[in-house]
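Peer 1: the following comprises the amino acid sequence and a computationally predicted model.
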Amino acid sequence: MNELAQIRRDAFAPVNTADVADAIITGSGLRIEIDRRRGRGAALNTSGRFEPLSRELVDDGWETLEDLPPFRTEVQVEKPRTVISRNDSPDIPFDRSINPYRGCEHGCIYCFARPTHAFMGLSPGLDFEAKLFAKPDAAKLLERELAKPGYKVRPIAIGTNTDPYQPVEKEWRIMRQILEVLAKADHPVMIVTKSAMVMRDIDILAPMAEKGLAKVGISITTLDRKLARSMEPRASTPSKRLEAVRALSDAGIPTSVLMAPIIPALNDHEIERVLDSAKTAGATEASYVLLRLPLEVSPLFRDWLLRCYPGRYQHVMSLVRSMRGGKDYDAEFGKRMKGAGPYAWQIGRRFELAAKRLGLNLARRQLNSDLFVPPLGTGVQLSLL
């Protein structure tokens, strides 16, 4: 039997969903009741992997769980010494990025950044989307770093870990302050977001784009509003994201669509529809990332899948594992974004052919790094020369 036939046979094998649920929850704590986590993506809030103790909610019969308050978004101030993060990954087209926030209120159940909350002593589950960290000094730190002697200009990516336009940005406005610094210095920037709030900053981005300094990627995973509401509960609706693509494109800002993640047997049938809608809205480029389930993301995603789409659980997971060497995830460079095997190859070819038919990716816009002028604002050390 060939590999694809084996995948199909396994996908339709009978499964006891109760046994699967027990396997997910054992050692991971009880699911949080829906009234306490309304509007959130995760249903678990397990202790971080670095914690010496693992805490679990247990109903002792005295209605203690019912007395607990609902999860509300809390924001703490973080004061880092630097704001530009560096990387040397061969899988991504940038070597530096900025994350105005830790954690993300959008609550996307598949978010690969969830495990980073364990470094803060918090859960990658509900804590990730309810206990956030803001960096209000980010713009000042950026200005100082850009002014350092010997700074070499390369495009800065924003939104590659957590979304800079998540709901708390309305109040904190950290992203806008960062853009103001970059615009003043004529520094190139690439933005990725699931939020229509990016339209707020068109007044900054449009003049930057005219100089070849800005481009925006809008992440659209599905056009199914019900599916989006379930797996991306506090992100903008698909129609609002397409509206953002149109508004940005009309303002002369190069705009791409990012279908991330593609989930087999859940949203992969929408590849052509998503690209067609994005092209109609004005997108000029398109790319995708296959579902990634590192560390704590795997049990969180599997629990969500079992709650919301129990009939597809085995089919989805069997296809995921067929593209990840039999595991939930393979972090190997060169494979982690696109996967491997016949099903992954099929997804890649469908995406490539659809993009070609629509005239997407005919010319990828390169940002201009030649106009940069080091800042001389408050807090920047002046030269002695």
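Peer 2: Right, received. Where do you want to start? Residues are numbered from 1 along each chain as shown.
Peer 1: now do the buried residues in stretch 74-86.
Peer 2: Buried residues in stretch 74-86, counted by 16 or more other Cβ atoms under 10 Å: 75, 78, 83. (C-beta placed from N, C-alpha, C; glycine too.)
Peer 1: quick one: mean pLDDT over it.
Peer 2: Taken as a whole, stretch 74-86 has a mean pLDDT of 97.
Peer 1: quick one: low-confidence parts of this protein?
Peer 2: Within the chain, the stretches with pLDDT under 70 are 1-30, 56-60, 62-67, 377-385.
Peer 1: now the buried residues of stretch 74-86 as CSV including secondary structure and distance to residue 289?
Peer 2: CSV is the format used below for the buried residues of stretch 74-86 (DSSP: H, G, I helix; E, B strand; the rest coil; distance: Cβ to Cβ, whole Å):
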residue, secondary structure, distance to residue 289
75, strand, 28
78, coil, 27
83, coil, 25
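Peer 1: nearest residue to residue 324 other than its sequence neighbours?
Peer 2: In space, and not counting its chain neighbours, residue 324 is closest to residue 330: 4.5 Å by Cβ to Cβ, 6 or more residues apart in numbering.
Peer 1: tell me how many other residues crowd residue 69.
Peer 2: 6 (other Cβ atoms under 10 Å).
Peer 1: please, which helix or strand holds it?
Peer 2: Using DSSP states H and E, residue 69 sits within no helix or strand.
Peer 1: now do the contacts for the residue lying closest to it once chain neighbours are set aside.
Peer 2: Of all residues not flanking residue 69 in the chain, residue 36 sits nearest, at 7.6 Å (Cβ to Cβ, 6+ apart). When contacts are counted by Cβ atoms under 8 Å, 6 or more residues apart in numbering, residue 36 touches 68, 69, 70, 71.
Peer 1: run a quick neighbour tally on the nearest residue to the last one once chain neighbours are set aside.
Peer 2: Among residues not flanking residue 71 along the chain, residue 130 sits closest, at 4.5 Å (Cβ to Cβ, 6+ apart). With neighbours defined by other Cβ under 10 Å, the count for residue 130 comes to 23.
Peer 1: about what we covered before: which ones are touching the residue nearest to residue 324?
Peer 2: 324, 336, 339, 340.
Peer 1: longest strand anywhere in this protein?
Peer 2: strand 255-262 (DSSP state E).
Peer 1: am I right that residue 244 is in contact with residue 194?
Peer 2: No: the pair residue 244 and residue 194 does not pass the contact test of Cβ atoms under 8 Å, sitting 9.5 Å apart.
Peer 1: which residues do these two both contact?
Peer 2: 218, 236.
Peer 1: of the two, who's got more company?
Peer 2: Neighbours around residue 244 and residue 194, counted as other Cβ under 10 Å, are more numerous at residue 194. The numbers are 28 against 25.
Peer 1: next, give phi and psi for the more buried one.
Peer 2: phi -110, psi 10 (degrees, to the nearest 10).
Peer 1: that one against residue 238, yeah?
Peer 2: No: if you go by Cβ under 8 Å, residue 194 and residue 238 don't touch, sitting 9.8 Å apart.
Peer 1: where exactly do the strands run in the stretch 251-385 of the chain?
Peer 2: 255-262, 285-290 (DSSP state E, counting those that start in this stretch).
Peer 1: chain center to the shortest one: distance?
Peer 2: For strand 285-290, the distance from its own C-alpha centre to the chain's C-alpha centre is 13 Å (Cα atoms, centre = their mean, to the nearest Å).
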